[in-house]
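Asker: quick check, what structure comes out for this input:
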Amino acid sequence: MAGIELQNTVKEALNALYHHPDDAVRMQADRWLQEFQRTIDAWQVADNLLHDPSSNLETLIFCSQTLRSKVQRDFEELPSEAFRPLRDSLNSLLKKFHQGPPKVRTQISLAVAALAVHVSIEDWGDGGVVNWLKEEMNSHPECIPGFLELLKVLPEEAFNYRISARPERRRQFEKELASAVEVALGLLTACLNASELKEQVLEAFASWLRLRRGISLSVLASHPLVLTALSGLSSEILSEAAVNVISELIHCSAVGNSSDVSVHMPLIQAIVPRVMSLRPQLNDPSKDEEDVKAIGRLFADMGDSYVKLIATGSDESMMIVHALLEVASHPEFDIASMTFNFWHNLQVYLIERDLYLSYGSEAAMEAERNRRLLIFRPAYESLVSLVSSRVQYPLDYLELSKEDLKDFKQSRYAVADVLVDAALVLGGDAVLKILYMKLIQAVSSCDQNSEWHPAEAALYCIRAIADYVPVVEAEVMPQVMSLVPKLPHQPQLLQTVCLTIGAYSKWLDSSPNGLSTLPPLVDILMNGMSMSEDTAAAAALAFRHVCDDCRKKLCGSLDGLFHIYHRAVYPEGGNFRVSAEDSLHLVEAISMVITELPPDHAKKALEALCLPVVTPLQEMINQGPASLGQKSARELTVHIDRLAYIFRYVNHPEAVADAIQRLWPIFKAIFDVRAWDMRTMESLCKACKYAVRTSGKYMGITIGVMLEEIQGLYQHHHQPCFLYLSSEVIKIFGSDPACSDYLRNLVEALFGRTTCLLATIQDFTTRPDIADDCFLLASRCIRYCPHIFIRSTAFPALIDSAMVGVTVQHREASSSILSFLSDVFDLTNSHEGAQYQSIRDSIIIPRGAIITRILIASLTGALPSSRFDPVTYALIALVRAYGVKALEWAKKSVSLIPKTAVTEVESSRFLQALSEAASGVDINTIMVPIEELSDVCRRNRTVQDIVQDALKPLELNMTH
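Answerer: Here you go, the predicted structure:
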């Protein structure tokens, strides 16, 4: 298509995109424009339209975005001689749009910055981009606003990984910018004379400060730009740019563990008094909320950056602490919560023993620690009082939107974390006393409808610190527990009461009055189970915690526990509002109590626990296969899931083995009739898995019939859960000689069928769950029964299958395949595995070159970059197993990649890293060259396509 014609088509498409009434036409225009942006013609068309005086705003924005995107991602499309005309054109556009439109000017600035990232200082000429910019600003002072925007984005683009620069070039660009800092700051200082440019200058200065390189802290303290920013804090309308600069300066002067404090002090001494002078404005009602937020942010930044100095407890540092307490007291949670990170970091500095090592002896360390804790005690006590009111439900909480309710819950979690920090500094019992006083105060005004909010808030806070209150605490907790039964049963309050009871289950177990305290508390939990689904969920969870920690105390109260259980699981059991999911907490709770019983009693209790679950299943089976087949999965799984929990948490192997043997006819009936139903099969396999895990070698003949059942069903119903149940069986019985025949048949049957199902990459894509569970099972076979698995015909078939499926895009399936390959390569690392080396090598070596090529293709784009770690580990495991051979395979694979995509130097570094890995060097020391090869090959779509076309991981000849 001719140039003018294509330009007109772009304009028409943009007009259709923004103005056509038909959605379908707009979508078609959008698709066409996206495709156009990927073409080589987009360079010239976008450039022409930007220079065209008749182009409207929509065209200018689209073309500036296109040009910026092309420079960032597709610069390599252009011949080297195109650089200067491109730079000159962008420079001309920067001048043309120096007064706006702002969106266009920003895109052009980003394009020039991206060009500078790609092009070395030698090729750019004029001493590099910053010196070139200096000349342009001197020659065209009227265009300074446009040049200032470029000066701002230059350091930001150094870390923009959308720019498809090679890692080496990116590092070089950072060095170039660092060496040009003085010139850049000189340009910005020169622009301070124009007051209308001050905001822009300060924003650019903040951007250069973020670079964190090439800037001398000692020079900064008295630098004109810093002084301008500090004075900007005094203006009537707080300068946002000045706040950003001061924030960056605070970060620059942060004092770390190994920092030389004296280097930072001149800048700190310039910043702190200026920021401290803003403290009165925190509570000034005339100040705009955004201004107060900005001031709060500066105090929070000081706290975070200077925490090491503050932790010494000097008089100066305590002034900052008191200011931060003032920020924490602000009524707006967004402002108050800015300080939360500081209180956590300060807690770490006060508590961590390693941070006191410089004091020498144990006694000196302890003395200094105690001195600091004493100094900060009042601050943390104030903090507890300040934040604890933040968790109070708003009066209109019932009208909150779902989003607002979510934000409120997040704010409660944040406050809970602060209370934990306070408990670590003050001790849980000290924080408990403060919160108990608030509870007493709240309870005195608490009634059914309106005044429950403060009591709920105090209890929420008491619950938050439960793990830090000593179990022997005997002053406050008995009073709390005697108080909660007297509180009104308002839903939110009751929910928090239930969760608080659960949180203090360990304390209840240790309490000398635990037995007398428990009954009224269990009554509260039963009330919770009756009120609403939310209170029932909280009560069921608390019941589980109480039964877990107080199990020995509750052994004599089984009848009462079973009464609660029956009310929850029998539909006609009463008014309990416990959902099927939450009833599992009750099943788990009673199972844990049964675990404490002697074997004979446990067996009877287990039967009683199973009875309400088994009876409805038996009734459904008695109605015949046709009726059973028509039931919804939910009708079955609600009961089967409870059995799974019983088998998991009743830790009496013989009793559980006896139960599964008695129940096997029921399980078999469901297996036979519902094998097509994934949800029911998953539930049933989970129950079997926990039965196997708990019973172990006591399973007896049941394990044989179970394996026979799933082995037969898998041939026709390819349920992934049959594979994960087999995985559990392999783990328990893999080394048992008595089970060898069962397991050999199982391995051959399951893997034989699965490798037929997974013959192509499309099969892996459509059945990722089967692939995931299949290769997890294979890895388990390597660990627990290599004597069966490595010698089986399934082993080579699975290697071939892994080669086909390793590039599947499904995360879990791909990771399982890579882990399996790594386990195969690592097989000889163990003494037992070494005996199978010859068998393994006879299968891997003929396939080694292709496996290596597929792994390198996966590393360089066939799999997402998020899969880098497992791919790299598999590749390193391969070269460690096969040494020189594997390095030769890798060399051949890398040689297929064209030099336009990967340079000789990049290839050599990668191969050198693999060579070092083969000789046993620590993996962490060789990751950079491997990661850089991966990045280089993914730097843009064109390069990625070139690399994958060269390696062809999906088209390799699979015959060996």
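Asker: and R371, its phi and psi?
Answerer: Backbone torsions of R371, given as degrees, to the nearest 10, read phi -60, psi -50.
Asker: looks like it contacts G313 (just checking).
Answerer: Yes. In terms of Cβ atoms under 8 Å, R371 counts as a neighbour of G313; the distance is 7.2 Å. Just so you know, the C-beta spots here come from the backbone N, C-alpha and C atoms, and that holds for glycine as well.
Asker: these two: which has the busier surroundings?
Answerer: G313 (17 against 11; other Cβ atoms under 10 Å).
Asker: would you check that the more buried one makes contact with L373?
Answerer: No. Applying Cβ under 8 Å, one finds G313 not in contact with L373, separated by 9.3 Å.
Asker: tell me which residues in stretch 124-142 are buried?
Answerer: Residues 124, 128-134, 136-137 are the ones in stretch 124-142 that count as buried (16 or more other Cβ atoms under 10 Å).
Asker: which residues of the protein fall in strands?
Answerer: Here the chain has no strands by DSSP state E.
Asker: and the lowest-mean-pLDDT helix or strand in it, what does it pack against?
Answerer: Taking mean pLDDT, DSSP states H and E as the measure, the helix or strand of the chain with the lowest value is helix 217-220, at a mean of 81. Secondary-structure packing of helix 217-220 (3 or more Cβ pairs under 8 Å, 6 or more residues apart in numbering; DSSP states H and E): helix 240-252, helix 261-276.
Asker: buried deepest among these, which one?
Answerer: Mean neighbours per residue, mean count of other Cβ atoms under 10 Å, is largest over the helices and strands packed on helix 217-220 for helix 240-252, with a mean of 22.
Asker: what about that one, average pLDDT?
Answerer: What helix 240-252 shows for mean pLDDT is 92.
Asker: what are the contacting residues of the least confident helix or strand of the chain?
Answerer: Identification of contacts with helix 217-220 by Cβ atoms under 8 Å, 6 or more residues apart in numbering yields 226, 249, 252-253, 263-264, 266-267.
Asker: for the helices and strands packed on helix 217-220, which one sits closest to I782?
Answerer: In terms of Cβ to Cβ, the element of the helices and strands packed on helix 217-220 nearest to I782 is helix 240-252, at 49.1 Å.
Asker: relative to helix 261-276, how tilted is that closest one?
Answerer: Helix 240-252 runs at 150 degrees relative to helix 261-276, counting by axes from the mean of the first three to the mean of the last three Cα atoms, to 10 degrees.
Asker: for L743, which residues are in contact?
Answerer: 707, 729-730, 733-734, 785, 788.
Asker: centre of the chain to stretch 51-59, how far?
Answerer: 44 Å (Cα atoms, centre = their mean, to the nearest Å).
Asker: report the buried residues of that stretch.
Answerer: Neighbour count says stretch 51-59 has 55, 59 buried, by 16+ other Cβ under 10 Å.
Asker: any idea of the mean pLDDT in that stretch?
Answerer: The pLDDT scores in stretch 51-59 average 92.
Asker: that one: end-to-end distance?
Answerer: 11 Å (Cα to Cα, to the nearest Å).
Asker: could you shift the numbering so residue one becomes 873, and keep it that way?
Answerer: Right, with 873 as the first residue, what we last looked at is stretch 923-931.
Asker: before we move on, back to that, in a markdown table: the buried residues of stretch 996-1014, plus distance to D1454 and pLDDT.
Answerer: A markdown table is the format used below for the buried residues of stretch 996-1014 (distance: Cβ to Cβ, whole Å; pLDDT from 0 to 100):
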| residue | distance to D1454 | pLDDT |
| --- | --- | --- |
| W996 | 66 | 91 |
| G1000 | 66 | 91 |
| V1001 | 63 | 93 |
| V1002 | 64 | 94 |
| N1003 | 69 | 94 |
| W1004 | 68 | 94 |
| L1005 | 65 | 93 |
| K1006 | 69 | 93 |
| E1008 | 69 | 91 |
| M1009 | 68 | 92 |
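Asker: for stretch 1137-1156, give me every contacting residue.
Answerer: With contact meaning Cβ under 8 Å, 6+ apart, stretch 1137-1156 is reached by 1089-1090, 1092-1094, 1098, 1102, 1105, 1118, 1121-1122, 1124-1125, 1127, 1159, 1163-1164, 1167-1168, 1170-1171, 1174, 1178, 1181, 1188, 1191-1192, 1195, 1198-1199, 1202.
Asker: so what's V1601 closest to, chain neighbours aside?
Answerer: Beyond its immediate neighbours in the sequence, the residue positioned closest to V1601 (Cβ to Cβ, 6 or more residues apart in numbering) is V1564, lying 5.8 Å away.
Asker: then R1249?
Answerer: L1298 (6.3 Å).
Asker: and I1748, what's its pLDDT?
Answerer: Per-residue pLDDT puts I1748 at 96.
Asker: tell me how many other residues crowd the residue lying closest to it once chain neighbours are set aside.
Answerer: Excluding the flanking residues, the one nearest I1748 by Cβ to Cβ, 6+ apart is A1789, at 4.6 Å. Counted with other Cβ under 10 Å, residues neighbouring A1789 total 24.
Asker: do you know how far N920 is from N963?
Answerer: N920 sits 16 Å away from N963, going by Cβ to Cβ, to the nearest Å.
Asker: more neighbours: the two, which one.
Answerer: N963 (20 against 17).
Asker: hang on, the more buried one packs against V984?
Answerer: Yes. Using Cβ under 8 Å, N963 makes contact with V984 at a distance of 7.3 Å.
Asker: now the helices for the stretch 973-1122 of the chain?
Answerer: 974-990, 993-996, 1001-1011, 1016-1029, 1039-1051, 1053-1062, 1070-1082, 1089-1092, 1096-1104, 1112-1124 (DSSP state H, counting those that start in this stretch).
Asker: and the fifth one, what's buried?
Answerer: Just to be clear, that refers to helix 1039-1051. 1039, 1042, 1045-1046, 1048-1050.
Asker: dump these into a markdown table; add distance to Q979 as well.
Answerer: Conversion of the buried residues of helix 1039-1051 to a markdown table gives the following (distance: Cβ to Cβ, whole Å):
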| residue | distance to Q979 |
| --- | --- |
| P1039 | 26 |
| R1042 | 21 |
| F1045 | 20 |
| E1046 | 23 |
| E1048 | 23 |
| L1049 | 21 |
| A1050 | 26 |
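Asker: so which of these is the closest to S1737?
Answerer: Distances from S1737 to those, taken by Cβ to Cβ, are shortest for P1039, at 13.5 Å.
Asker: give the contact list for the closest one.
Answerer: Counting by Cβ under 8 Å, 6+ apart, P1039 makes contact with 1804, 1807-1808.
Asker: which one (most neighbours) among those?
Answerer: V1808 (23 neighbours).
Asker: ok, that one to G1168 distance?
Answerer: Distance of V1808 to G1168, given as Cβ to Cβ: 44 Å.
Asker: so where is the stretch 1373-1522 of the chain shaky, pLDDT-wise?
Answerer: 1386, 1443-1446 (pLDDT under 70).
Asker: run the last query once more with 90
Answerer: 1384-1389, 1428, 1439-1449 (pLDDT under 90).
Asker: which residues in it form helices?
Answerer: 1377-1382, 1386-1403, 1405-1421, 1423-1426, 1430-1441, 1452-1467, 1471-1494, 1497-1502, 1505-1521.
Asker: related to what we said a few turns ago, just so I know, which of the helices of the stretch 973-1122 of the chain lies nearest P1326?
Answerer: Across the helices of the stretch 973-1122 of the chain, closest to P1326 is helix 1112-1124 (Cβ to Cβ), at 36.2 Å.
Asker: hmm, who's touching that closest one?
Answerer: 1070-1075, 1077-1078, 1081-1082, 1084, 1087, 1089, 1092, 1097-1098, 1100-1105, 1107, 1139, 1143, 1146-1147, 1166, 1169-1170, 1173-1174, 1177-1178.
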